[in-house]
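Visitor: Quick one, fold the following:
(one chain, ligands or ions: 2)
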Amino acid sequence: MEKVNLKNFDFKELENWVKEQGWQKFRAKQLAKWLYNKKVSSFDEMTDLSKDIRNQLKEKADINALELITFEKSKEDGSIKFLWRLHDGHTIESVFIPEKGHNTLCISTQVGCAVGCKFCFTTKDGLIRNLTTAEIVDQYIQSQRFVGLEPEKRISNIVYMGMGEPLANYENVKKSVRIFTDDKMAGLSNRKITISSSGIIHQILKMYEDKEFPQVRLAVSLNAADQKTREKIMPISETNTLEDLMKTLNKLPVKTGYRIMLEYVLIKDVNDSPKDAHKLARLIGKNKKRYKVNLIPFNPYPGSPYQRPDKERVDQFHKILWQYNIGAFVRWSKGQDISAACGQLRKKDLETSFITKASLNKN
Ligand code: SAH
Ligand code: SF4
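Guide: Ligands and ions are numbered 1, 2, ... in the order given. The predicted structure is shown next:
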């Protein structure tokens with residue numbers, strides 16, 4: 001009999017599974033508490049379950065979906081990049097980002113990515129496979145265990161900005177969000193979870209119409225303010241045009257406190273001119289209150305075809321948006337020294353140098 005991974009279950013499913021085992025319903029609450037509150041990694045730690053139940057659990061179920069291979073800690077800002085092994089040998093990464101007053105975890109949803117943005121390292125070998133719900137959720141549990149369970153270490157924010165296109169792994173991503181936001185499970189705040197998409201229009205619409213998809217923040221990777229430029233760097237734009245995308249976003253029912261984040265990777269001589277900034281401002285037009293703009297200076301990686309603009313150019317772009325009263329922020333990525341920034345995560349060949357750097361100590 002194949003074992004089930006309990007982290008693939010939302011609360012209702014966990015309850016059903018518990019009932020199928022012939023156990024009382026309240027066992028589901030107990031299990032959820034051990035998994036998501038205490039964040040234990042073995043059934044033996046679940047001390048309020050009888051030995052008999054624990055033995056049955058060991059036979060029938062798993063709770064871990066990832067194995068930590070190695071990690072790197074940034075000397076510059078304390079962010080930590082984790083490399084995890086999946087059961088079939090593939091690897092993924094997550095990044096813990098400590099910030100003033102809160103901590104963010106950037107998580108992956110796929111091994112690789114099929115979308116093919118020209119500036120992104122993740123997509124170089126295409127898509128290998130979707131992550132399961134348990135593999136998504138376990139990034140949060142195991143990262144938290146690693147950094148510690150003290151209140152100041154608590155991961156309060158989750159951004160789906162690691163490897164992969166979250167909306168191309170719709171069902172598993174949705175269930176992970178249900179687990180993250182359920183008070184009986186991880187109990188994180190909806191507005192502290194952000195899903196970033198390259199702009200697959202029908203999937204965005206599906207998410208907003210789906211009553212079972214908890215409302216979280218949406219970020220959309222715009223990356224250009226005109227169709228021609230966007231097509232050049234994001235082939236997905238040929239079928240999901242900028243015009244249709246903006247029309248869709250302009251109509252989404254957006255609650256207060258849930259402004260849509262427009263992400264814009266600034267690439268030298270591609271989309272970083274003052275003219276581009278004015279174009280972006282005009283594209284947003286009268287919908288300023290609906291959006292926040294996140295400017296991400298391009299993060300280079302080995303063999304990348306593009307460059308990062310210098311700081312002056314970035315500041316100039318930023319200032320122009322402010323002149324239009326558009327809320328724009330520059331995100332100088334964290335973890336530069338450990339290649340942990342946006343677009344730099346990629347399936348690792350375990351023979352490479354990454355593993356030899358593992359000698360870093362935890363503090
Ligand atoms: N697939 C999703 C989420 C992961 S990518 C998406 O595309 O939105 C997260 C963000 O990193 C996106 O905004 C993407 O445009 C950006 N990005 C990708 N490669 C980058 C790079 N090399 N430098 C800076 N940002 C990059
Ligand atoms: Fe995929 Fe996002 Fe990278 Fe585009 S930027 S290739 S959608 S991970």
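Visitor: all contacts plus neighbour counts: C-alpha atoms, from now on.
Guide: Fine.
Visitor: and the protein, what are its domains?
Guide: Per automatic domain parsing, the domain ranges recorded for the chain read 4-62, 67-352.
Visitor: ok, and which of those has the densest surroundings?
Guide: Of all the domains of the chain, domain 67-352 has the most neighbours on average by mean count of other CA atoms under 10 Å, namely a mean of 19.
Visitor: That one and ligand 1, are they touching?
Guide: Yes: contact between domain 67-352 and ligand 1 is present through 119-120, 161-165, 196-198, 220-221, 263, 265, 296-300, 342-344 (criterion: CA under 6 Å from any ligand atom).
Visitor: average pLDDT for that domain?
Guide: Across domain 67-352, pLDDT averages out at 94.
Visitor: could I get the domains of the chain as TSV with distance to ligand 2?
Guide: Formatted as TSV, the entries for the domains of the chain read as follows, by distance: least, CA to the nearest ligand atom, whole Å:
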stretch	distance to ligand 2
domain 4-62	23
domain 67-352	4
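Visitor: how about residue 41, what does it touch?
Guide: Residues near residue 41 by CA atoms under 8 Å, 6 or more residues apart in numbering: 35, 63, 64.
Visitor: how far away is the second one from residue 3?
Guide: Summarising the geometry, the distance separating residue 63 from residue 3, computed by CA to CA, to the nearest Å, is 10 Å.
Visitor: Helices along the stretch 251-363 of the chain, start to end?
Guide: Counting by DSSP state H, counting those that start in this stretch, the stretch 251-363 of the chain has these helices, from start to end: 274-284, 311-323, 353-356.
Visitor: Which one, of these, ends up nearest to residue 18?
Guide: Proximity to residue 18, assessed across the helices of the stretch 251-363 of the chain by CA to CA, is greatest for helix 353-356 (39.8 Å).
Visitor: As JSON lines, the helices of the stretch 251-363 of the chain with distance to residue 177 would be great.
Guide: Compiled in JSON lines, these are given as follows (distance: least, CA to CA, whole Å):
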{"stretch": "helix 274-284", "distance to residue 177": "29"}
{"stretch": "helix 311-323", "distance to residue 177": "32"}
{"stretch": "helix 353-356", "distance to residue 177": "30"}
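Visitor: Residue 63 and residue 3: which has the busier surroundings?
Guide: For residue 63 versus residue 3, neighbours defined as other CA atoms under 10 Å are more numerous around residue 63 (20 against 12).
Visitor: Please identify which of the contacts of residue 41 is nearest to ligand 1.
Guide: residue 64 (24.1 Å; CA to the nearest ligand atom).
Visitor: ok, that closest one touching residue 138?
Guide: Yes: the criterion here is CA atoms under 8 Å, and residue 64 meets it with residue 138 at 6.9 Å.
Visitor: Name the single longest strand found in the protein.
Guide: For the chain, the strand with the greatest residue count under DSSP state E is strand 91-99.
Visitor: in the protein, which spans are strands?
Guide: For the chain, strands defined by DSSP E occupy the ranges 4-5, 61-62, 67-73, 80-85, 91-99, 102-106, 110-112, 127-130, 155-160, 193-197, 217-221, 260-266, 291-297, 328-330.
Visitor: can I get those strands in a markdown table with distance to residue 205?
Guide: Listed next are the strands of the chain as a markdown table, based on distance: least, CA to CA, whole Å:
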| stretch | distance to residue 205 |
| --- | --- |
| strand 4-5 | 30 |
| strand 61-62 | 34 |
| strand 67-73 | 35 |
| strand 80-85 | 32 |
| strand 91-99 | 27 |
| strand 102-106 | 24 |
| strand 110-112 | 21 |
| strand 127-130 | 21 |
| strand 155-160 | 18 |
| strand 193-197 | 12 |
| strand 217-221 | 12 |
| strand 260-266 | 14 |
| strand 291-297 | 17 |
| strand 328-330 | 25 |
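Visitor: Give me the residue at the spatial middle of the chain.
Guide: Centroid-nearest residue in the chain, with CA atoms, centre = their mean: residue 160, separated by 1.6 Å.
Visitor: Now for that residue: which residues touch it?
Guide: So residue 160 contacts 106, 107, 108, 109, 166, 193, 194, 195, 196 (CA under 8 Å, 6+ apart).
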